[in-house]
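Chemist: turn this into a structure:
(one chain, ligands or ions: 1)
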Amino acid sequence: MADATLKIFSGSANRPLAERICAHLKMRLGDARVERFADGEVRIKVDEDVRGTDAFVVQPTSPPVNDHLMELLLMIDALRRASADRITAVIPYFGYARQDRKDEGRVPISAKLVANMLVSAGAQRVLAIDLHAAQLQGFFDIPVDHLYGSPVFSRYLRNLRIPDLTVVAPDVGSSKLARGYSKRLGAGLAIVDKRRLDDKETEILTVIGDVKGRNVLLIDDMISTGGSITKAAHAVRDMGARDVYIAATHPVMCGPAMSRLDEAQVQRVIVTDTIAIADGHRRKYLEVLSVARMLGEAILRIHHAESVSRLFDEDAEY
Ligand code: R5P
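Modeler: Here you go, the predicted structure:
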């Protein structure tokens, strides 16, 4: 049960998700305004008393990333200055996560800077789903609760009852994720050997494992420009795969993503609502599963100082 000291607020990035979380917890979304000053600066006003409360701000740092990040920082600052007892940044999709190391000279480690900014603003905890790399948790010197999308996808995928299924990782980085799904679904496993040419283009070198005559589930943490996943879809089909399904937690869907997915002609693309789907991106083949229940349960457990990892006990499904 939620109590009066628990408050949930939302930036503008994904208010419907925040509302779904509140509906699950049978509480109302906190009153706060997110507006713009005439010059485009973000203007935040929390419209209710938060003194002594356990406040959660729901805001994926999805595109437009800088705007959504700034809203999140300012909302945390507003809550801190209004004497909230504890502030948790609920970041279902954590943007800037891919720049997590100095892989060439004279580049920033953006993920670390963003972590520092959140803590400086006043965040005392972070709650995130399928971080691009689990080690990002170490960029924060505050507790980070890292949830997985898999319990949300599992039931849906199981109900599809896809025969002769092989789970395929679209790159080596996703192989651990894919292995987890192949175990959960009792399916085979294969890996696409991908090389990234730049932030928009990738090249497929080969597919490691057998996909001939198999139905394939391609699994990734996000679809950004859609290049990785659609090239992998074409590659497995060229190697004799039958039906191709795609599942990815975060539908970033930028640039050519939708046209690439339209052309890929896969059976289904399954994503979650960590990022709001733009109206123009709705498709028959696109299935959006909600993480609201899982986030709601995690928020309640954090509020009551209970274990969050228990949410992921074997066979948990949301
Ligand atoms: C790569 O490391 C990630 O797991 C995704 O495969 C990648 O970021 C998706 O980007 P895009 O859709 O632009 O290929």
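
Chemist: got the residue ranges for the helices in the stretch 51-200 of the chain?
Modeler: 65-81, 110-121, 150-160, 175-185 (DSSP state H, counting those that start in this stretch).

Chemist: what's in contact with the first one?
Modeler: Okay, so that is helix 65-81. Applying Cβ atoms under 8 Å, 6 or more residues apart in numbering, the contact partners of helix 65-81 are 9, 11-13, 32, 34, 42, 44-46, 50, 55, 57, 59-62, 87, 89, 91, 95-96, 114, 117-118, 121-123. (Glycine included, C-beta is placed from N, CA and C.)

Chemist: only the buried subset of these, as a PyMOL command please.
Modeler: To isolate the buried subset of the contacts of helix 65-81 in PyMOL, counting by 16 or more other Cβ atoms under 10 Å, use the following:
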select buried, resi 9+11+13+32+34+42+44+46+50+55+57+59+60+61+62+87+89+91+95+96+114+117+118+121+122+123
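
Chemist: mark which of the contacts of helix 65-81 are part of strands, please.
Modeler: Counting by DSSP state E, the contacts of helix 65-81 place 9, 32, 34, 42, 44-46, 55, 57, 87, 89, 91 in strands.

Chemist: from the residues you listed, which is closest to L136?
Modeler: Proximity of those to L136 (Cβ to Cβ) peaks at I91, which lies at 10.6 Å.

Chemist: separation between the closest residue to that closest one other than its chain neighbours and F56?
Modeler: In this structure, I91 finds its nearest non-sequential neighbour in A128, 4.9 Å apart by Cβ to Cβ, 6 or more residues apart in numbering. Distance from A128 to F56, counting by Cβ to Cβ, to the nearest Å: 13 Å.

Chemist: partners of the helix or strand of the chain with the lowest mean pLDDT in the sheet?
Modeler: When each helix and strand of the chain is scored by mean pLDDT, DSSP states H and E, strand 202-208 comes last, with a mean of 86. Paired neighbours of strand 202-208 in the sheet (DSSP bridges): strand 188-196 (antiparallel).

Chemist: thinking again about what came up before, nearest to the ligand, out of the helices of the stretch 51-200 of the chain?
Modeler: Between the ligand and those, the tightest spacing by Cβ to the nearest ligand atom is seen for helix 175-185, at 8.4 Å.

Chemist: distance from that closest one to the middle of the chain?
Modeler: 18 Å (Cα atoms, centre = their mean, to the nearest Å).

Chemist: got it, and stretch 232-240?
Modeler: Offset of stretch 232-240 from its chain centre (Cα atoms, centre = their mean): 26 Å.

Chemist: before we move on, what about stretch 20-29?
Modeler: With Cα atoms, centre = their mean, you get 20 Å for stretch 20-29.

Chemist: what's near enough to touch G213?
Modeler: By Cβ under 8 Å, 6+ apart, the residues touching G213 are 164, 240-242.

Chemist: show me the shaky parts of the stretch 201-318 of the chain.
Modeler: For the stretch 201-318 of the chain, the stretches flagged by pLDDT under 70 are 314-315.

Chemist: near the ligand, which residues of it? Just list them.
Modeler: 202, 220-229 (Cβ under 6 Å from any ligand atom).

Chemist: so which of those residues is the closest to S110?
Modeler: Looking across those and measuring by Cβ to Cβ, the closest to S110 is S224, at 15.0 Å.
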